[in-house]
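Engineer: Got a predicted structure here, sequence first:
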Amino acid sequence: MWKKKLTALVLGVMLALPVSAGASVQKDGVHITILHTNDIHARVEGNAEQKITGMEWIAGGIRAQKAADEDTLALDGGDTFHGLPIINLSKGANMAVLMNLAGYDAMTPGNHDFNYGEKRLLELAQMLNFPILSANTYDKEQKSYLFRPYKSFTFNGVKVAVIGLTTPEVAFKTNPANVTDVFFGNPVTAAKDMMAKLRKNHDVVIGLMHMGVDKSSEFTSERIAKEVPGFDVIIDGHSHTMLPKGLRVGRTLICQTGCYDNELGKVELVVKGHKVRKAEASLLDEQAVEKLAGQPDAGVQQALTEMKAQTTNELNKVVAASPRTLTSAREIVRTRESELGNLTADALRAVTGADAAFANGGGLRADLPQGKITKGTILTIFPFGNTVCKVELKGETIKAALEHSVEYVPASFGGFMNVSGLTFDMDSKAPAGSRVSNVRINDQPLELNKVYTVAMNDFTAAGGDGYDMLKGAKLLGVYGALEDIVVEYIRTHGVKDIEVGRITDNVHVK
């Protein structure tokens, strides 16, 4: 019934769309507008506090722009189909509905778009009214493209090619099990091949990339712009970077909006004599998007209402049970080892196969209750949409992280770490930085120069709570949503054997 309603809704809205001649040929040339998003991460509901515009307004802006001028492209730079329950519970299908209603013309896949596995992403591609593009994503045997490599558009006689490119980091920035039948090729090589084919018969070449500008990445949109100088514009994603006026690399304009629908990107092109004469980038905040749209898109509003009702029903479903309550009291989880923290750390270590795992007390926001546990309960405990990472750390870095964890004991600290696969002694009377001793991993003494694998959430891995020593650690894999991983661990292992005793603590010793 749910799918039938959405199908009817999509068809009804598509039939009702306005048709516009939208003349954009002016004395200085043909004017083409690109509206773009990236790294939405399922943030489809407006939220003023988090500066999320909301898909009803993004869609309204896209539709209004297209009604005023049909020489408009709407593009998305990936990491779109995963992030929050309203999208996750449908395994991305709800996002496909919203993007169809909004009038997108193309997207490229990001690493988190593979979070449900490559087969599911191919299914989602079939649900879309527009193509997913990636010229460097192939089947495992490298015999064929997994998605279309490019798409051509024509606006008032101007031929535009949009080439998709995906970061090879997908191989380890989703659960590696999600991409066992996929090969991610060198994006520079793929871009050169496409450019040689398309530049000669297109007036404008746009790169639609999930590549980013982080210096830690081997391949960035900046590198591609330098090594493949034929791009007029690159619509980028992945690094969550706000580029208010774009970034110029030679003649290429790189554009990115940040993330979470905080901004809608806009690029204005003027093409004359088969050449781009002008390219200007800007970002539209919530007020500017609302001004452009005039009103929220009614189809998206209706779809969101139905999706939220469906999500509520899903969140009320029982997913596990516990024989006792595990507390999340701040005075416990932020100052000492806790059963809930240990349960979380055990779940992280189990799914990743890491030598050890960390779970920060500040990430535990509600009790695990005795009795039935619903999906909604789990999301209340873990409300931040974190993913689980596995990284490589030397023993000396693990020791430094543990020292930071207990630096403020007995005071409350959200970065206090519960551990799995690891034990240590802690003396809160010693000076900060010298409180940890007798660290053991898998019951063997910690070796400072040895490299270990450690699981943690993405917030901690990025240096959250002051864990600067963890920044830049080699990432071995990203294993999906934290809340899903904890649910599966409880289903498989239960909680009756969870207890404290991994940290010998002279403050809270019994």
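Structural biologist: Received, thanks.

Engineer: Show me the shaky parts of the stretch 151-300 of the chain.
Structural biologist: Applying pLDDT under 70 to the stretch 151-300 of the chain picks out no residues at all.

Engineer: if I look at the nearest residue to Asn506 once chain neighbours are set aside, how far off is Val495?
Structural biologist: In space, and not counting its chain neighbours, Asn506 is closest to Asp427: 5.4 Å by CB to CB, 6 or more residues apart in numbering. (Glycine included, C-beta is placed from N, CA and C.) Per CB to CB, to the nearest Å, Asp427 is found 30 Å from Val495.

Engineer: swap in Asp181?
Structural biologist: 35 Å.

Engineer: same thing with Gln302?
Structural biologist: Distance, Gln302 to Val495, using CB to CB: 41 Å.

Engineer: per the record, what domains does this protein have?
Structural biologist: 28-311, 318-505 (automatic domain parsing).

Engineer: now, of the ones you listed, which is deepest in the fold?
Structural biologist: Among the domains of the chain, domain 28-311 has the highest mean neighbour count (mean count of other CB atoms under 10 Å), at a mean of 21.

Engineer: Poorly predicted segments of the protein, please.
Structural biologist: Checking the chain against pLDDT under 70 turns up 1-23, 507-510.

Engineer: So which other helices or strands are in contact with the lengthiest helix in the chain?
Structural biologist: The residue-count maximum for a helix in the chain (DSSP state H) belongs to helix 298-315. Under the contact criterion of 3 or more CB pairs under 8 Å, 6 or more residues apart in numbering; DSSP states H and E, helix 298-315 touches helix 2-15, helix 55-68, helix 85-88, helix 93-102, helix 375-381.

Engineer: Minimum distance to Val289: which of these has it?
Structural biologist: helix 55-68 (4.7 Å; CB to CB).

Engineer: after that closest one comes which helix or strand?
Structural biologist: As assigned by DSSP states H and E, the chain's next helix or strand after helix 55-68 is strand 72-76.

Engineer: Tell me what the closest residue to Gly258 other than its chain neighbours is bridged to.
Structural biologist: Spatial nearest neighbour of Gly258, chain neighbours left out: Met242 (4.0 Å); criterion: CB to CB, 6+ apart. In this entry, Met242 is beta-bridged to Thr257, by DSSP bridges.

Engineer: could you list every residue that touches Met242?
Structural biologist: Met242 sits next to Gln256, Thr257, Gly258, Asn262, Glu263, Leu283 when contact means CB atoms under 8 Å, 6 or more residues apart in numbering.

Engineer: Now render those residues as CSV, adding distance to Glu499.
Structural biologist: As requested, these are arranged in CSV below (distance: CB to CB, whole Å):
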residue, distance to Glu499
Gln256, 47
Thr257, 47
Gly258, 43
Asn262, 43
Glu263, 47
Leu283, 51
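
Engineer: Pull the most distant pair out of these.
Structural biologist: Greatest spacing in the contacts of Met242, by CB to CB: Gln256 and Asn262 (11.5 Å).

Engineer: three-state assignment of the residue lying closest to Met469 once chain neighbours are set aside?
Structural biologist: Once flanking residues are discounted, Met469 sits nearest to Ala400: 4.7 Å by CB to CB, 6+ apart. Three-state call for Ala400 (DSSP: H, G, I helix; E, B strand; the rest coil): helix.

Engineer: Helices of the stretch 251-400 of the chain, start to end?
Structural biologist: 286-293, 298-315, 330-333, 339-352, 375-381, 395-405 (DSSP state H, counting those that start in this stretch).

Engineer: May I see those helices arranged in TSV, with distance to Val205 as well?
Structural biologist: Listed next are these as TSV, based on distance: least, CB to CB, whole Å:
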stretch	distance to Val205
helix 286-293	26
helix 298-315	31
helix 330-333	53
helix 339-352	40
helix 375-381	43
helix 395-405	44
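
Engineer: Ok, which of these comes nearest Asp203?
Structural biologist: That would be helix 286-293 among these, by CB to CB, at 26.1 Å.

Engineer: what sits against Thr374?
Structural biologist: Thr374 neighbours (CB under 8 Å, 6+ apart): Leu315, Asn316, Lys317, Val318, Val319.

Engineer: Would you format these as TSV with distance to Ala196 included?
Structural biologist: TSV is the format used below for the contacts of Thr374 (distance: CB to CB, whole Å):
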residue	distance to Ala196
Leu315	51
Asn316	55
Lys317	53
Val318	57
Val319	52
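
Engineer: Against Glu268, how distant is Gly103?
Structural biologist: 18 Å.

Engineer: cool, Ile206 as well?
Structural biologist: According to CB to CB, Ile206 and Glu268 sit 13 Å apart.

Engineer: Verify the stated contact: Pro296 with Trp57.
Structural biologist: Yes - using CB atoms under 8 Å, Pro296 is in contact with Trp57, at 5.3 Å.

Engineer: Good, we can wrap up now.
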